[in-house]
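Asks: what follows is a predicted protein model with its sequence.
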Amino acid sequence: MRWSELLIPTLKETPQDAEIISHQLMLRAGLIRRLGSGLYTYLPLGLRSLRKVQNIVREEMDRAGAQEVLMPAMHPKEIWEKSGRYETLKNGMFRVTDRQNREMVLGPTHEEIITDLVSREITSYKQLPCNFYQIQTKFRDEIRPRFGLMRGKEFIMKDAYSFDVSSEAADESYKKMYDAYVRIFKRCGLHAMAVDADTGDMGGSSSHEFMIPCDAGEDAILEADDGSYAANLERAEGFCDLPMEFEGAELALEKVATPHSGKIEAVANMLKIETRQLVKTLIYVADEKPVAVLLPGNRDVNDIKLNKILPGAELADPEVIREVTGAEVGFAGPVGLEIPIIADRSLQGLKGGVIGANETDAHFKNFDLERDTSITEFVDVALAYAGDLAPNGKGRLVEKRGVEVGHVFKLGTKYTEALGASFLDENGKSQPAVMGCYGIGVSRTLQAVIEQSNDKFGIIWPISVAPFELLITVLSPKDQTCMQHADDIKTILEAQGVDVLMDDREERPGFKFKDADLLGLPLRLTIGERGLAKGEVELKARTDKDFEAIPVADAAVKVFEKITAMREAL
RNA sequence: CGGAGAGUAACUCAGUCUGGUAGAGUGCCUGCUUUGGGAGCAGGACGUCGCAGGUUCGAAUCCUGUCUCUCCGACCA
C-alpha cells in the first residue's frame, strides 16, 4: 500500500498522557488513538498488527484442536446468577438494561455462556473432549485503566474452554493449550515465561500465567535463580532460612519491659535484635471468631493465601484485640491465648524468639514455639521475598516484573455443575464435564511486543506481527524513474505475498527516515536518485546499523530472500 | 474508592502567584527556495482558556462546585 493513501499520523513529540514506552510508541507511530480512559481506536497500522496477532492465535488454536465460535458480548443477568458470579464480579461488570428493563451485562469473560451452550449440546462422552474458542471484545469496568492497551475497559481477548470426561483427560487438554501458548508467544517474537499463579475469582485448582518480563509490568514475579521455579508474587512460596534458633534458646520465658514499643522495629531496636527473631502475632476475625496468625517479624501476610485458609478473614478491630489479648494493639503473643493459633510454616522449630506478652508495654523473650504454646496448624501464609529459598530447595528467589499476556486455568467442575453441563458416560451414568479455560489478552500482547522490542528511535517489529514487512522509502517520488522502480518492486513482492508499504510522500529524506525508524518495519528498501545513478538501491533491516547497496535489478529477489529468512526465524 | 498531579490551538507547553488586548514552538494551508537523517523565508487559518456559578468596572488568572484525564495502591487478559 501507499503511505499517502493511509492514515498514519506519526507524532514527533511524546503525548503527555503516555507513561510507558510502548504506549508512547503506539501513539507516536500512529497505531492507536484514545477516545476515553481505557478506550482506544485502532488506526490502520495498529489494526494490521492486531490482525496478525489474532491470526497467529487462531492458527495455533486450530492446530491444537480447538474450534472457533463467536458468543454474544451481551448476556442476560440470570446466567451469571446461576454460577454465583453475578455477586462476586458485580462491580467489575458493565451492566445495562434494555427497553423492557431487563438487566443485561457486557461480558467480561464467557465461562457461563460456553457452559450453558455445552450443557445443551454435549450430552455424551462420545462428544468429548471438546474445546471452543473465540476472539472477541471483552468489557471490564476496571478500577484503573492504564498504559494504553495494557489495561482497558474494553479489550480484545482470545478465550478458550475445554471440556473433558475426567480430570486426567482435562490435564491433557490443559497441556495442549499450555503448549499452544508457548508457540503463540514465541511466534509473536515474545520472550514469555510461564509462572504458577493464583486462580482468583475464576476458581479452580491451579493455573499458570504467561508473563512477558519487563520493568513496566504490573505483576511481580519470583523466579528461582536457576530457573527451576517461577511464580506470581501473589502465589509464590518461599522459605526463609531454617532452622530458626536464636540466643536464649535453652532459657525459660522471661518477661521484658518494652514501653511504647508496639511495633516490630521498635522492639527490635530496644532489644538490639533482628526483626526476624520476633514473632508477629496478628489477630484476624473470620466467621465472626478471632484467630491468631503468627509470622516471623520480618514477614508480611499474603492476603490471598490467608483468604484460602480463612475465607473472609479480616484484621480485627482494636477493641477485639484488647478483648482477646488483654493488651493494647502491638503486644499480642501466642502464649496464653485462648483462640486458634495458626503459624506460618517457617516458624517451625523456632527457639529463642521474642513475642508479645499480651500485656501492654511488655514482651517475652526466650520463646520456644513447641515448648511454650500449641499451634493449631502450620500453614504457608507469608508473602515470599526475593532472597528466599525456592520451594523445591534449589536456588534463591529473584524478583522480576512482568506483563500478564495469558492465563490458563484448570477449573474442575465448578461451572459445569452450576450450569448443569453433564454427559452420560459409558455406563450410562451422568457426570459433570471437567473444564479448563484459557485466555490471551490479544490487544495487550500486541503492546507487550512493542514494550519488549524498541530502541530510542522507535519500534522494532518482529516480522510476524509487523503491520507491513517491508517499507520502500522513495526518496524522490517526483522522479519518474524512482517511482517506476519502486512500483515494479512493490508489485512483484506483493504478488509473492509480501506486505509492502511504500512511502511515496513528498517529504524530505531525513523526515522519512525518522518516520521509518519510528514505525519500525523489519526491512527497509531505499530508492533514491543518488543510488539509482549507480544502478543501486539500499537494503537495511531495522536492526542493522548500515545499509547494503544492491543492484536494482536484484532488489525484489534479494528482499524476498531476506523476508523469507526473517519469517522462518520466528 | 484513598493519595498525588494536570486540564489554555491538532501536539508539546508558557501565561495563573501579583485580575486589565489570548501567547510560543511544532503541525496544518498558500507561495518561493531547498532536497540522503525531523530544512529556510514570507504570508495565512485555527481558542467558548474543561464546564457551571460567584466576586469584580473587568476573570485563563481570585472563590465555590462539578466533570475529565494521568500517576501511585486494591482488581485483572
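Replies: Noted; the coordinates are in hand.

Asks: give me the element A:Tyr161 is part of.
Replies: Assessed by DSSP states H and E, A:Tyr161 sits inside strand A:154-164.

Asks: by contact count, what packs against that strand?
Replies: If you count contacts as 3 or more CB pairs under 8 Å, 6 or more residues apart in numbering; DSSP states H and E, strand A:154-164 packs onto helix A:44-63, helix A:111-121, strand A:130-139, helix A:167-187, strand A:434-441, helix A:442-452. No exception for glycine: its C-beta is placed from N, CA and C like everyone else's.

Asks: for burial, what's the neighbour tally of the residue of the stretch 201-350 of chain A found nearest RNA strand B?
Replies: Closest to RNA strand B within the stretch 201-350 of chain A is A:Asp201: 3.9 Å, counting by CB to the nearest atom of the strand. Look at A:Asp201: counted by other CB atoms under 10 Å, it has 10 neighbours.

Asks: skipping adjacent residues, who's closest to it in space?
Replies: For A:Asp201, ignoring the flanking residues on the chain, the nearest one in space by CB to CB, 6 or more residues apart in numbering is A:Thr88 at 5.5 Å.

Asks: now the helices for the stretch 201-350 of chain A?
Replies: A:264-271, A:303-309, A:318-325 (DSSP state H, counting those that start in this stretch).

Asks: same list, those helices, but as a markdown table with mean neighbour count, mean pLDDT and distance to A:Lys512 please.
Replies: Formatted as a markdown table, the helices of the stretch 201-350 of chain A follow (neighbours: other CB atoms under 10 Å; pLDDT from 0 to 100; distance: least, CB to CB, whole Å):
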| stretch | mean neighbour count | mean pLDDT | distance to A:Lys512 |
| --- | --- | --- | --- |
| helix A:264-271 | 16 | 88 | 60 |
| helix A:303-309 | 17 | 85 | 52 |
| helix A:318-325 | 16 | 90 | 68 |
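
Asks: can I get the ones you listed in a markdown table including distance to RNA strand B?
Replies: Below are the helices of the stretch 201-350 of chain A laid out as a markdown table (distance: least, CB to the nearest atom of the strand, whole Å):
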| stretch | distance to RNA strand B |
| --- | --- |
| helix A:264-271 | 21 |
| helix A:303-309 | 7 |
| helix A:318-325 | 20 |
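
Asks: what's the closest of these to A:Ala357?
Replies: When these are compared by CB to CB, helix A:318-325 sits nearest A:Ala357, at 9.3 Å.

Asks: so which elements touch the closest one?
Replies: When contacts are defined as 3+ CB pairs under 8 Å, 6+ apart, helix A:318-325 sits against strand A:279-286, strand A:289-296.

Asks: is it possible to export the ones you listed to a markdown table including mean pLDDT and distance to RNA strand B?
Replies: A markdown table is the format used below for those (pLDDT from 0 to 100; distance: least, CB to the nearest atom of the strand, whole Å):
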| stretch | mean pLDDT | distance to RNA strand B |
| --- | --- | --- |
| strand A:279-286 | 90 | 17 |
| strand A:289-296 | 91 | 18 |
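
Asks: make JSON lines out of those strands and add mean neighbour count.
Replies: Formatted as JSON lines, the helices and strands packed on helix A:318-325 follow (neighbours: other CB atoms under 10 Å):
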{"stretch": "strand A:279-286", "mean neighbour count": "22"}
{"stretch": "strand A:289-296", "mean neighbour count": "21"}
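
Asks: thinking again about what came up before, out of the helices and strands packed on strand A:154-164, which comes closest to RNA strand B?
Replies: RNA strand B lies closest, by CB to the nearest atom of the strand, to one member of the helices and strands packed on strand A:154-164: strand A:434-441, at 2.7 Å.

Asks: how about that closest one and RNA strand B, touching?
Replies: Yes. Contact between strand A:434-441 and RNA strand B, assessed by CB under 7 Å from any atom of the strand, occurs at A:439-441.

Asks: who touches stretch A:447-459?
Replies: A:20-23, A:25-26, A:28-29, A:53, A:147-150, A:188-191, A:212, A:214, A:216, A:403, A:405, A:460-462, A:465, A:514, A:517-520 (CB atoms under 8 Å, 6 or more residues apart in numbering).

Asks: out of those, which are buried?
Replies: Using 16 or more other CB atoms under 10 Å as the burial test, the contacts of stretch A:447-459 include A:20-23, A:25-26, A:28-29, A:53, A:147-150, A:188-190, A:212, A:214, A:216, A:403, A:405, A:460-462, A:465, A:514, A:517-520 as buried.

Asks: burial count for the closest residue to RNA strand B within chain A?
Replies: Nearest residue of chain A to RNA strand B (CB to the nearest atom of the strand) works out as A:Gly510 at 2.2 Å. By other CB under 10 Å, the residues close to A:Gly510 number 8.

Asks: so for A:Pro551, which of the helices and strands packed on strand A:154-164 sits nearest?
Replies: For the helices and strands packed on strand A:154-164, the distance to A:Pro551 is smallest for helix A:44-63, at 30.7 Å, taking CB to CB.

Asks: flag every buried residue along that closest one.
Replies: Using 16+ other CB under 10 Å as the test for burial, helix A:44-63 gives A:45-46, A:48-54, A:56-58, A:60-61.

Asks: what does stretch A:85-99 give?
Replies: Buried residues in stretch A:85-99, counting neighbours by 16+ other CB under 10 Å, are found at A:85-86, A:89, A:92-93.

Asks: contact partners for the closest residue to A:Pro509 other than its chain neighbours?
Replies: In space, and not counting its chain neighbours, A:Pro509 is closest to A:Leu475: 5.0 Å by CB to CB, 6+ apart. Neighbouring residues of A:Leu475 by CB under 8 Å, 6+ apart: A:482, A:509, A:512, A:526-530.

Asks: let's see it at 7 Å
Replies: A:482, A:509, A:526-528 (CB atoms under 7 Å, 6 or more residues apart in numbering).

Asks: same question, A:Asp504
Replies: A:Asp504 neighbours (CB under 7 Å, 6+ apart): A:2-4, A:474, A:477.
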